[in-house]
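Q: Fold the following and give me the result.
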Amino acid sequence: MRIALSYTIFAALATLINICSQEFSLRVYAGAYSIPFSILVGTIVGLLVKYYLDKRYIFRIEGVSVHQDARLFTLYAVMGVFTTVIFWGAEFAFDLVFQSKPMRYLGGVIGLGIGYFMKYQLDKRFVFVIRGGS
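A: Alright, predicted model coming up:
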């Protein structure tokens, strides 16, 4: 239960940091591609923060080599792409079916919940598994 609570708090924190990073980016750069750029900045910052918190406090991985850490982060990011598709798919599906902002957000919340649950399971099975050697 403690891990589920910590994981939920870290997910909320990463989401907040993502949004704050996007806002900061928009205040620094207001050019033609400011919105896609801010989304990219927020995604990268949020991903790095969540990776550190999950690695350190959820899966308790310490003392890995730079090579192992790069491998872990790459796998972590790939799993994140997969679960982001679930989140976006749920939000767009609710928007298409119900055509209302509240229902679209409900779809987003449901998609995020499913995505984070799956992300934890994927990370536990495929990402944060340290094998011998480097």
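
Q: Quick check: Arg104 touching Phe98?
A: Yes: contact criterion CB atoms under 8 Å: Arg104 and Phe98 qualify, at 7.3 Å. Where you see a C-beta, it was placed from the backbone N, CA and C, and this is true even at glycine.

Q: Those two: which is more packed in?
A: Neighbour count, other CB atoms under 10 Å: between Arg104 and Phe98, Arg104 has more, with 18 against 13.

Q: Next up, the contacts around that one.
A: 91, 94-95, 98 (CB atoms under 8 Å, 6 or more residues apart in numbering).

Q: So for the least confident helix or strand in the chain by mean pLDDT, what gets flagged as buried?
A: The helix or strand of the chain with the poorest confidence is helix 101-122; it has a mean of 88 (mean pLDDT, DSSP states H and E). Of all the residues in helix 101-122, those buried under the rule 16 or more other CB atoms under 10 Å are 104, 107-108, 110-112, 115-116, 119-120, 122.

Q: from those, which two are the most distant?
A: Arg104 and Leu122 (25.7 Å; CB to CB).
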